[in-house]
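K.L.:
Have a look at this prediction, sequence included:
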Amino acid sequence: MGFDESALTRLRRYREEADRSLGSIREAEAAARRFSERLFAGLEYTAALARQAGFGVENEGDSRTFALRVISGPGTEARATFGLVGGAAAETDEDLMHEDLSRHTLDPSGYSGRVLGWTEAAGQEPCQVFAVYRDGVWKTKGLFVAKARGKVDDPDEVLNGFCLRILGRLIDLAALTGGAGCRWSGGSYPLQDHLAGMAFPMENRFPR
């Protein structure tokens, strides 16, 4: 076999591998989009129920981002934003890894798309991470929900129940339920600060 034939054989094998990898990435991206649509719809649905229960809940979103604002009373509110991240990549976080994979198996079946969640109470970095795989399996970890998994095509009742857990944690934060949110902290607070109307040092913490 001459060089040209040998090179073509190798390049065709590369072409097959590239097509397989790109196809897996597109499937993972599509699954992540589908999951984000259902997650956003579930959060919107449970937000409507929360309004019926007497909470002030505002929500807005588009195809990539969904934001929630919960108001439990005067001056007590909490916000959360969830967003679909473009692209897909080999998952390396073992807590988020598909059950059929391990950290030693990063073939194209291990590609995941991601949906992230943020809340101001937890700082600037994402506080919730969802990994969504091409077969529709999703796994998550974070501050709203410590650990959970499911399928993109789970019944509405299942996904809405999961969204209710997220909304419940946001209500906890807004209402300071169970010590969530602001806590007394140490530090200097001299009399002159009090007389000047300055606030006592508090620590804004999201419940872990």
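P.N.:
Nice, I can see it. Residues are numbered from 1 along each chain as shown.
K.L.:
I'd like the next helix or strand past the longest strand belonging to the chain.
P.N.:
Longest strand in the chain, counting residues (DSSP state E): strand 76-90. As assigned by DSSP states H and E, the chain's next helix or strand after strand 76-90 is strand 111-118.
K.L.:
by contact count, what packs against that next one?
P.N.:
helix 3-52, strand 76-90, strand 128-133 (3 or more Cβ pairs under 8 Å, 6 or more residues apart in numbering; DSSP states H and E). C-beta here means a position set from N, CA and C on the backbone, and glycine is covered the same way.
K.L.:
Of the ones you listed, which is nearest Pro155?
P.N.:
helix 3-52 (10.6 Å; Cβ to Cβ).
K.L.:
buried sites along the longest strand of the chain?
P.N.:
Glu77, Ala78, Arg79, Ala80, Thr81, Phe82, Gly83, Leu84, Val85, Ala88, Ala90 (16 or more other Cβ atoms under 10 Å).
K.L.:
now stretch 135-155
P.N.:
136-145, 150, 152, 154.
K.L.:
about what we covered before: could you dump the helices and strands packed on strand 111-118 to TSV with distance to Ala196?
P.N.:
Formatted as TSV, these follow (distance: least, Cβ to Cβ, whole Å):
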stretch	distance to Ala196
helix 3-52	39
strand 76-90	25
strand 128-133	39
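K.L.:
Buried deepest among these, which one?
P.N.:
Greatest average neighbour count among the helices and strands packed on strand 111-118 goes to strand 128-133 (a mean of 25), per mean count of other Cβ atoms under 10 Å.
K.L.:
what's that strand in contact with?
P.N.:
For strand 128-133, the external contacting residues (Cβ atoms under 8 Å, 6 or more residues apart in numbering) are 28, 31-32, 35, 39, 82, 91, 93, 96-98, 109-118, 138-145, 152, 166.
K.L.:
6 Å - rerun?
P.N.:
If you take Cβ atoms under 6 Å, 6 or more residues apart in numbering as the criterion, strand 128-133 is touched by 31-32, 35, 91, 96, 98, 112-113, 115-117, 138-140, 142, 144.
K.L.:
and Val115, how many neighbours?
P.N.:
For Val115, the count of nearby residues is 24 (other Cβ atoms under 10 Å).
K.L.:
Please name the nearest non-neighbouring residue to it.
P.N.:
Phe130 (4.1 Å; Cβ to Cβ, 6 or more residues apart in numbering).
K.L.:
how close does the one you found sit to Ser21?
P.N.:
Here the distance between Phe130 and Ser21 works out to 22 Å (Cβ to Cβ, to the nearest Å).
K.L.:
Kindly report the same for Ala7.
P.N.:
Separation of Ala7 from Ser21 (Cβ to Cβ) stands at 21 Å.
K.L.:
got it, and Leu8?
P.N.:
Computed as Cβ to Cβ, the Leu8 to Ser21 distance reads 20 Å.
K.L.:
What backbone torsions are found at Gly197?
P.N.:
Backbone torsions of Gly197, given as degrees, to the nearest 10, read phi 80, psi 20.
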